[in-house]
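Chemist: Sharing a model prediction with you, sequence too.
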Amino acid sequence: VIYVGITGINFTAVILVLIFYVYLNIRFSGFPYRSQRLRVSLTRVSKAMSLWSLTRVIWGIATLLVFVYKIELLQDSNTPVWSFAVLLLMFFVCEILPIIALLDYSYLSLVGLERVEIRWEEEEEGSLITQATPNLPPTIHP
């Protein structure tokens, strides 16, 4: 029963995320991107969502196969080493790999670090402008 629940949750989560992603793409399809940086950010988010969805589907299929073929992963079985190795491999591929992929700086910058970096760049540019032209009033960046 646990495996059926896990399979259902995995497939349902992927379907809900996919529906939401398609909805947002259709809803905002006519609007241009604010900048090239935001276009690249959308591509990164799309790749992260695709990787996450793929690993959720793989995990869901694996738990479905465990249920259908009555494979025991958590208790003693005929092949305890293989059961442990397959479970460990599935855990690494489906849980750890997406986390490692998202720890890349390019993905971390999407959740807020990029705003701090942009502000620092703007402050540095502003200080360079005021240093280069001391007689002019400082410029205001939008």
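Modeler: Ah, there it is.
Chemist: Strands of this protein, start to end?
Modeler: Secondary structure of the chain (DSSP state E): no strands located.
Chemist: Any idea which residue is closest to the centre of it?
Modeler: Geometric centre of the chain, nearest residue: Ala48, 3.5 Å, by Cα atoms, centre = their mean.
Chemist: OK, contacts around that one?
Modeler: Ala48 sits next to 98, 101-102, 107 when contact means Cβ atoms under 8 Å, 6 or more residues apart in numbering. Where C-beta positions appear, they are placed from N, C-alpha and C, glycine not excepted.
Chemist: Check Gln75 too.
Modeler: Applying Cβ under 8 Å, 6+ apart, no residues qualify as near Gln75.
Chemist: buried set for stretch 2-11?
Modeler: Residues of stretch 2-11 classed as buried by neighbour count (16 or more other Cβ atoms under 10 Å): 3, 6-7, 10-11.
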